[in-house]
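Enquirer: Generate a structure from the sequence data that follows.
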Amino acid sequence: MKQTILVTGASSGFGLLIANKLHQSGYHVIGTSRNPEKSQSSLPFKILTLDITDDNSIKSFGKQLFTEIKQLDVLINNAGFYLSGLGEETTIEQGKKQLETNFWGTVKLTNELLPYFRKQRFGKIITVGSIMGLISLPGGAYYAASKHALEGYFRALRFELNEFNIKVSMVEPVGFKTNIVTNSIVAENKISDYDAYRTKLEDYTKDLFTKSEEPTAVVETLLKLVENENPNFNHPVGKGSTLFPAIQYFSFKTFENAITKNINKFKK
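Expert: Next up, the predicted model:
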């Protein structure tokens, strides 16, 4: 019997790409979206309504899911968004929304499905994190905080679920060509003291994403994790994804100087 895989946030970005790839590879895929009616007609897999920031939506989704399927083999936590902007310029309300979605929403959905996984005594939980969960860069303080939180939470969960034969893994992509930037929320509280730095940082960030890779490697990594019976925890993906965390950890000054130098290339 082919495995059943749940992919959250499957109407765009990494979620859509991996859901399509898994469907093409013969898996039974179920995706989620806040507004599935907008995309269902164009998708080859079933997509269900889920808002991971709404507790009632999560609970009703859990009940509906297991009327559709008998067992769940793999959960791929992908839903989330990118909040860009300098730390002080980002309102606390925006920061809370970032953590409520990327961290708490992911945790709440996972907790909703864990009783089913434990009853089965098998399964995989794969969470799409970010290189920003291993390092941090200017302009992404709250996004990095949300991804660091996921790393810590799921690292502990990996130990706790081992006795139930439930495998827990993280995927940490660098910046790839997806709609993450175009769909991002931008800090609202602009402060004039930061104008010059913000302009340089925006140009630096735009340049990074312009030169970024197509997301093929992320899709391939996720597919391999689904196929691997006993996957490791961390899976950095993309150019520099293993080098940057090592440099920041062993010599933060070297990392800091390199990032600062690259941003300052964009002086006006």
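Enquirer: Relative to the whole chain's centre, how far out is the strand ranked longest in the chain?
Expert: Looking across the chain with DSSP state E, the single longest strand is strand 166-173. Computed by Cα atoms, centre = their mean, to the nearest Å, the chain-centroid distance of strand 166-173 equals 10 Å.
Enquirer: and that strand, average pLDDT?
Expert: Computed over strand 166-173, the mean pLDDT rounds to 97.
Enquirer: Which parts of the stretch 151-268 of the chain are helices?
Expert: When secondary structure is read from DSSP state H, counting those that start in this stretch, the stretch 151-268 of the chain shows helices at 195-210, 216-227, 243-250, 252-264.
Enquirer: other SSEs contacting the strand or helix carrying Thr127?
Expert: Element membership for Thr127 (DSSP states H and E) is strand 123-128. In terms of contacts (3 or more Cβ pairs under 8 Å, 6 or more residues apart in numbering; DSSP states H and E), strand 123-128 is packed against strand 74-77, helix 106-120, helix 141-161, strand 166-173, helix 216-227. Glycine gets a C-beta too; all of them are placed from N, C-alpha and C.
Enquirer: Contacts made by the shortest one with the rest, please.
Expert: Going back to what we said before, that points to strand 74-77. Residues from elsewhere that reach strand 74-77 (Cβ atoms under 8 Å, 6 or more residues apart in numbering): 3-8, 15, 18, 106, 109-110, 113, 117, 123-128, 222, 226.
Enquirer: and it, which strands flank it?
Expert: Here strand 74-77 has these sheet partners by DSSP bridges: strand 4-7 (parallel), strand 123-128 (parallel).
Enquirer: What's the first helix or strand after the shortest one?
Expert: Read that as strand 4-7. Once the chain leaves strand 4-7, the next helix or strand it forms, by DSSP H and E, is helix 13-24.
Enquirer: Just the buried positions in that following helix, please.
Expert: Of all the residues in helix 13-24, those buried under the rule 16 or more other Cβ atoms under 10 Å are 13-23.
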